[in-house]
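K.L.:
Predicted model and sequence follow; I will ask about them next.
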Amino acid sequence: MILVTGGAGFIGANFVLDWLASSDEPVLNLDKLSYAGNLHNLEGLRQDPRHRFVQGDIGDSALLAGLLAEHQPRAIVHFAAESHVDRSIHGPEDFIQTNIVGTFRLLEAVRRYGAALPDRARQGLRFLQVSTDEVYGSLAPREPAFAETRAFQPNSPYSASKAASDHLVRAWHHTYGLPVLTTHCSNNYGPLQFPEKLIPLMIVNALGGQPLPVYGDGLQRRDWLYVKDHCSAIRRVLEAGQVGHSYHIGGGNEQANIDIVHSICTLLDALRPRPDGQSYLSQIAHVQDRPGHDRRYAIDARKIGRELGWQPAETWASGIRKTVQWYLEHPQWVAQVQTGAYRDWVQTCYPQV
Ligand code: NAD
């Protein structure tokens with residue numbers, strides 16, 4: 001069994017679905033169900049005995065100790081986090097609590113659990129920390145992409161809290177010998193992403209006839225990866241990554257935000273034309289830039305390709321088409337996450353949580 005934290009969120013849910021599509025090894029899924037956690041994402045697993053969902057906080061040491069002792073996972077894949085930069089600017093407290101204190105409690109619980117395991121099980125144990133390229137701060141226009149050796153220079157409360165948790169993970173390896181692996185991934189997109197993030201926000205607002213808010217000049221550059229490629233990379237690192245190492249995961253697809261919005265509008269114009277015949281591009285509205293907005297992230301993912309043989313399966317063109325199609329085909333999911341009605345759905349379908 002593996003323990004996944006944050007497995008009802010965007011990437012965590014995609015990971016759990018992918019894992020159980022390709023393996024019979026059960027998943028214990030621990031998620032607090034914050035606004036970003038949505039059991040509707042895991043609807044297909046409702047009757048699946050390989051998936052056990054527990055609603056709880058990674059900061060709850062007693063809960064963690066009990067779950068680890070009872071289920072004896074061989075690996076912990078740690079997604080749970082507060083993940084939205086804008087929310088971290090308006091209210092950093094939750095980011096400190098979950099991303100730093102929560103990760104600390106989880107590390108401690110896993111350290112104690114590992115120490116009590118028999119030798120062989122202890123040697124096989126893995127703690128995989130899922131992190132972000134945002135910990136490295138902003139790149140100048142022609143600087144080379146971030147490599148694993150780059151020093152952390154986080155600029156937002158979100159990235160600072162993730163960097164702090166990465167440092168804790170590293171220290172628990174060096175000090176206590178915890179068998180950790182860390183991944184730093186670029187921006188993800190794909191099905192099940194909460195529509196506060198750029199790509200689903202643009203799709204949902206476009207279809208709803210709302211303005212498409214673009215920060216500042218829209219020339220901030222990011223590297224975009226289809227979420228299922230992130231999941232396959234994490235599986236690969238868990239399987240073959242070298243303990244104590246970190247691995248960069250990216251799509252080799254660096255683009256300006258405004259170009260992302262243009263791609264989405266062009267796809268929607270073809271797939272779901274506006275009734276008035278105008279392009280969705282007419283809904284773009286430039287708004288005041290985010291404070292401290294990093295101009296550029298780019299990730300050098302050659303190490304994971306070279307050492308572990310991982311490559312993304314999707315190109316930007318194929319991934320964004322699949323994503324737009326998914327949102328067009330799932331209006332009910334979108335309506336539920338927007339209204340909060342999915343919480344009622346949770347009570348109906350999972351009365352035990
Ligand atoms: P998300 O916000 O969609 O999901 C986070 C999940 O964690 C939610 O289900 C939430 O309920 C849960 N959670 C939050 N606080 C918790 C707590 N205290 N205890 C238990 N569960 C809690 O986030 P995401 O986009 O799926 O990101 C997942 C991980 O991947 C994060 O660690 C993030 O930093 C990292 N990451 C994200 C991206 C990206 O582009 N989204 C890129 C690189 C890395």
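P.N.:
Thanks, I have the structure now.

K.L.:
Below-threshold pLDDT in the chain: ranges please.
P.N.:
Scanning the chain for pLDDT under 70 picks out 340-353.

K.L.:
need the strands for it, in chain order.
P.N.:
2-5, 27-31, 51-55, 75-78, 126-132, 180-185, 187-189, 212-215, 221-226, 246-249, 254-256, 284-287 (DSSP state E).

K.L.:
can you list these in a markdown table and add distance to the ligand and mean neighbour count?
P.N.:
Glycine gets a C-beta too; all of them are placed from N, C-alpha and C. Formatted as a markdown table, those follow (distance: least, C-beta to the nearest ligand atom, whole Å; neighbours: other C-beta atoms under 10 Å):
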| stretch | distance to the ligand | mean neighbour count |
| --- | --- | --- |
| strand 2-5 | 6 | 25 |
| strand 27-31 | 4 | 25 |
| strand 51-55 | 9 | 18 |
| strand 75-78 | 7 | 25 |
| strand 126-132 | 4 | 23 |
| strand 180-185 | 4 | 25 |
| strand 187-189 | 4 | 24 |
| strand 212-215 | 16 | 18 |
| strand 221-226 | 8 | 23 |
| strand 246-249 | 8 | 24 |
| strand 254-256 | 14 | 17 |
| strand 284-287 | 21 | 14 |
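
K.L.:
which stretch among the ones you listed comes nearest I89?
P.N.:
strand 212-215 (12.0 Å; C-beta to C-beta).

K.L.:
how much space between E25 and L268?
P.N.:
E25 sits 39 Å away from L268, going by C-beta to C-beta, to the nearest Å.

K.L.:
ok, those two, which is more surrounded?
P.N.:
For E25 and L268, the more surrounded residue by other C-beta atoms under 10 Å is L268, and the numbers stand at 22 against 13.

K.L.:
what's the nearest residue to the more buried one if we skip its chain neighbours?
P.N.:
Closest residue to L268 apart from its sequence neighbours, by C-beta to C-beta, 6 or more residues apart in numbering: Y280 at 5.0 Å.

K.L.:
That neighbour against D269, yeah?
P.N.:
Yes - the pair Y280 and D269 qualifies as a contact (C-beta atoms under 8 Å) at a distance of 6.0 Å.

K.L.:
ok, those two, which is more surrounded?
P.N.:
Per other C-beta under 10 Å, whichever of Y280 and D269 has more neighbours is Y280, with 24 against 16.

K.L.:
In contact with that one, which residues are there?
P.N.:
Applying C-beta atoms under 8 Å, 6 or more residues apart in numbering to Y280 gives the contacts 206, 212, 264-265, 268-269, 274.

K.L.:
please redo it, this time with the cut-off set to 7 Å
P.N.:
206, 265, 268-269, 274 (C-beta atoms under 7 Å, 6 or more residues apart in numbering).

K.L.:
still on that earlier bit, so how far is the ligand from the residue nearest to L268?
P.N.:
23 Å (C-beta to the nearest ligand atom, to the nearest Å).

K.L.:
Up against the ligand, what does the stretch 1-150 of the chain have?
P.N.:
5-6, 8-12, 31-34, 36-37, 57-59, 79-83, 98, 102, 130-132 (C-beta under 6 Å from any ligand atom).

K.L.:
Just the buried ones from those, in ChimeraX syntax?
P.N.:
Buried subset of those, written as a ChimeraX selection, criterion 16 or more other C-beta atoms under 10 Å:
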select :5,6,8,9,10,11,12,31,32,33,34,36,37,57,58,59,79,80,81,82,83,98,102,130,131,132
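
K.L.:
Closest one of the contacts of Y280 to A285?
P.N.:
A206 (11.7 Å).

K.L.:
Can you tell me, leaving aside adjacent residues, what's nearest to A121?
P.N.:
In space, A121 comes closest to R74 once its chain neighbours are excluded; the distance is 7.2 Å by C-beta to C-beta, 6+ apart.

K.L.:
which residues does that neighbour contact?
P.N.:
With contact set as C-beta under 7 Å, 6+ apart, R74 has these partners: 1-2, 124-125.

K.L.:
one more time with 10 Å
P.N.:
1-3, 25, 117, 121, 124-126, 238 (C-beta atoms under 10 Å, 6 or more residues apart in numbering).

K.L.:
In helices, which of the residues you listed appear?
P.N.:
121, 124, 238 (DSSP state H).

K.L.:
Pick out whichever of the residues you listed sits closest to the ligand.
P.N.:
Using C-beta to the nearest ligand atom, L238 is the member of the ones in helices among the contacts of R74 that sits closest to the ligand, with 14.6 Å.

K.L.:
Leaving out the residues flanking it, which one is nearest to the closest one?
P.N.:
Here the residue nearest L238, using C-beta to C-beta, 6+ apart, is L128, at 5.5 Å.

K.L.:
wait, isn't the one you found in contact with H184?
P.N.:
No - contact between L128 and H184 fails when scored by C-beta atoms under 10 Å: they sit 12.0 Å apart.

K.L.:
okay, and the common contacts of these two?
P.N.:
Y247.

K.L.:
mind checking how far R295 is from D18?
P.N.:
The value you get for R295 to D18, if C-beta to C-beta is used, is 32 Å.

K.L.:
quick one: which of the two has more around it?
P.N.:
D18 (17 against 14).
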